[in-house]
Each structure stands twice: as C-alpha cells, then as structure tokens.
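[1] Sequence first, predicted model second:
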Amino acid sequence: MYKIKSLLPGIMLATIVGLAALFLSEHYGAPSMLFALLLGIALSFLYEESQCKAGIEFTATHILRIGVALLGFRIAFGDLVALGWKTALLLVVAIATTILVGIVLAKLLGMQKRFGVLTGGAVGICGASAAMAIAAVLPESKHKDRDTLLTIIGVTALSTLSMILYPIFAAQLNLDQVHTGIFLGATIHDVAQVVGAGYSVSDESGDLATLTKLVRVAFLMPVVISILLVLKLKLKHVGTNKAPGIPGFLIIFVVLMVINSVFSIPPSLTEATSHISRFALVVSIAAIGMKSNLKQLVEVGTKPILLLLLETLWIATLILLCLPIL
C-alpha cells in the first residue's frame, strides 16, 4: 500500500501530460507522441521532486511495457498471408539491413553500436513504439534515456515529414495505387502517419499501406528477441551471469498475437485494446520526457539526426528499387 501511494503522484502527473498531448494532437493534427515528449521535457524539473520521481520511473518502464504488449492484439498471422510472401520477404530484408546500416553508420560517426541498433530498429519497424520496445531490453547505461528520447524525437519528426512528402514523391514516380500503398507502408515510421499518407492517395492505397505497416509491426518481437539472444551470448562470452531472459511483456505480446490469429476477436475489443495501448505509450513517453536532461540533448549535436536521416533514406531507396519485382 505504501509503495502504491509513493508511485501515485508521478503516475498521475504523467497521465495528465498524456491526456494533454492527446487533446493537442486531436485539435492541431500533430503526433500525440511528439506533444507528449515536448510537454514531458518542459516538466522535467518535476522529476527531481521526491514525490514524483518514483512514479515517473514506474511509468517510463512498466506502463511502457504494458503498451508494447497490447500491440499484439493489432496483428494476426493472416496479415502475412494476405500481403504475399514476396512483400513479406522484402520487409524482412528491409528491416534487417536498416538495423545493420544503423550499426555500421553509428560506428563510423563515433557513436555506440547500441544506438545504431535502437535507431535502425525504430526506422525499420514502427518508429517510436519500436524504439521504446528495444530500449526496454537494452542494458542500462548512462545515456540510455537520452538516446531513447533522441530516437523518438527524430523518428516522429521524420515520420511526419514523410507523411507529407512521400505521397507526392510516389505520384512523381508514377507509381500505381498498389505500389504506392506498399511503398508508404514499408517506409514511413509510425502507424498513424502511414494511415494518413495512404488514405490521402486513395482507399486502396490506404488499406494496403496499413496492412504493410502492420506486418512490419509484427516483426517487432522477433527483432527484440534476437537482440536479447545476442546480448545473452555476448554476456556469456565475457563471463558474466547477468544475461537477460525474455521479458514478460514480450511473451504477452506473442500470446495476444496468437489469440488474435486463432480466434475471432470482436472489433470492439480490438479497438479498445488499441486505444489502451496507444494511451499507455503516450503516457510513458511523457514520463521519458520528464526524465530527460535538455542540456544533454543539446550537447549530442547533429550526429543522431544524420544517422536517422541516412537510415530513412536507406529503407526508402531499397523499397523503391525492389517494387518492380513484387
């Protein structure tokens, strides 16, 4: 009871910021996660308050994991079948190579390889949600929260820019509605921006873009589990017993995805869990913003943005070059 009482102020603060972000998003059309980040950063001084700190920490970790786990209800194995094996294989290659490109570029730019994994996964899979899921399983480090925050800010901004520019770019290349839908779903980072871009072209492009994006989201758990296995092997190699196990939220994600694939889930339940997941992610991003140190963000410079931009260009170029074979 005492622990719940100590967590409540910070959780309530993050919840209020999350609600404010959703309100601003609905009225001004910008991504709710970006608003949550900016509002959280503006209130970062409250993180130092003893009454709020524990709850903010709890929200940034445990509520984040609840939001990621509930994403499993949005995906079914039938999505992979509906998309076709060629497109699914192209998405696997695009995700894997984007992460590898992130690792190589991070090393060339003088940054840690784990930052390349974080940004590459965010760009390759599903933007801010992927960044938070990957960050949740990476080992603790001095700059982990800062790197997560930078990645979320970068992919959200690039995703919004892509939502505006990519439909125009697809029209200039004379892509048909099918190829336009696959291109938008395979390259734009966040789900909401994929939906906005796809349906701005046509209903057919919007449906296919959304389906393509959901298949990308389905690869989130295999990627996160692969990262865990690599970390486990690496830690065993250096002789430590602190190799990570598979977190519970990943197991819940897979179980929910299996349930959604095997059973006929009422649309109202799927929609409700989607809203809960989105709200949990927005609230947890607000908490991550509150944990940030603005001075640290400024000191990092332009290298992280350059890295994210190059990864974005990589996946867009790869998809465009491979569209003719689909």
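    Yep, that arrived. Everything quoted here is computed from the prediction, not taken from an experiment.
[2] Report how many residues lie close to the residue nearest to residue 253 when sequence neighbours are not counted.
    Excluding its sequence neighbours, the residue lying closest to residue 253 (Cβ to Cβ, 6 or more residues apart in numbering) is residue 72, at 4.0 Å. Placement of C-beta: from N, CA and C, glycine included. When neighbours are counted by other Cβ atoms under 10 Å, residue 72 registers 27.
[3] Next up, the contacts around residue 72.
    Contacts for residue 72 were tallied using Cβ atoms under 8 Å, 6 or more residues apart in numbering; they are 221, 252-257, 260.
[4] Which single helix of the protein contains the most residues?
    helix 144-172 (DSSP state H).
[5] Phi first, then psi, for residue 29.
    Backbone torsions of residue 29, given as degrees, to the nearest 10, read phi 80, psi 0.
[6] show me where pLDDT drops low in the stretch 201-326 of the chain?
    235-247, 293-300 (pLDDT under 70).
[7] Show me where it has its helices.
    203-218, 220-237, 248-262, 267-290, 294-300, 303-322 (DSSP state H, counting those that start in this stretch).
[8] picking that back up, and the longest helix of the chain, average pLDDT?
    Computed over helix 144-172, the mean pLDDT rounds to 88.
[9] Check which residues of it are buried.
    145-156, 158-160, 162-163, 166-167, 169-170 (16 or more other Cβ atoms under 10 Å).
[10] helices or strands next to it in the packing?
    If contacts are counted by 3 or more Cβ pairs under 8 Å, 6 or more residues apart in numbering; DSSP states H and E, helix 144-172 sits against helix 32-42, helix 113-121, helix 128-137, helix 177-187, helix 191-201, helix 267-290, helix 294-300, helix 303-322.
[11] Just want the angle from the last one to helix 113-121.
    Spelled out, it's helix 303-322. 40 degrees (axes from the mean of the first three to the mean of the last three Cα atoms, to 10 degrees).
[12] quick one: helix 303-322 to chain centroid distance?
    Chain-centre distance of helix 303-322: 16 Å, with Cα atoms, centre = their mean, to the nearest Å.
[13] Report the inter-axis angle for that helix versus helix 144-172.
    Going by the same axes, to 10 degrees, helix 303-322 makes 40 degrees with helix 144-172.
[14] for helix 303-322, packing partners?
    Against helix 303-322 (3+ Cβ pairs under 8 Å, 6+ apart) you get helix 85-108, helix 113-121, helix 144-172, helix 177-187.
[15] Mind putting these into TSV with distance to residue 290?
    Shown next, in TSV, are the helices and strands packed on helix 303-322 (distance: least, Cβ to Cβ, whole Å):
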stretch	distance to residue 290
helix 85-108	26
helix 113-121	20
helix 144-172	10
helix 177-187	31
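[16] Looking at these, spot the one closest to residue 312.
    Comparing those by their distance to residue 312 (Cβ to Cβ), the top pick is helix 144-172, with 5.3 Å.
[17] what's the angle from that closest one to helix 128-137?
    Going by the same axes, to 10 degrees, helix 144-172 makes 150 degrees with helix 128-137.
[18] Now do stretch 199-210: distance to the chain's middle.
    That offset, for stretch 199-210, works out to 21 Å (Cα atoms, centre = their mean).
[19] Over to stretch 110-119?
    16 Å.
[20] Stretch 100-117 too?
    18 Å.
[21] One more: stretch 224-237?
    That offset, for stretch 224-237, works out to 21 Å (Cα atoms, centre = their mean).
[22] One more: stretch 57-76?
    Worked out by Cα atoms, centre = their mean, stretch 57-76 lies 11 Å from the chain centre.
[23] Name the residues of that stretch that come out as buried.
    In stretch 57-76, counting by 16+ other Cβ under 10 Å, buried: 57-60, 62-76.
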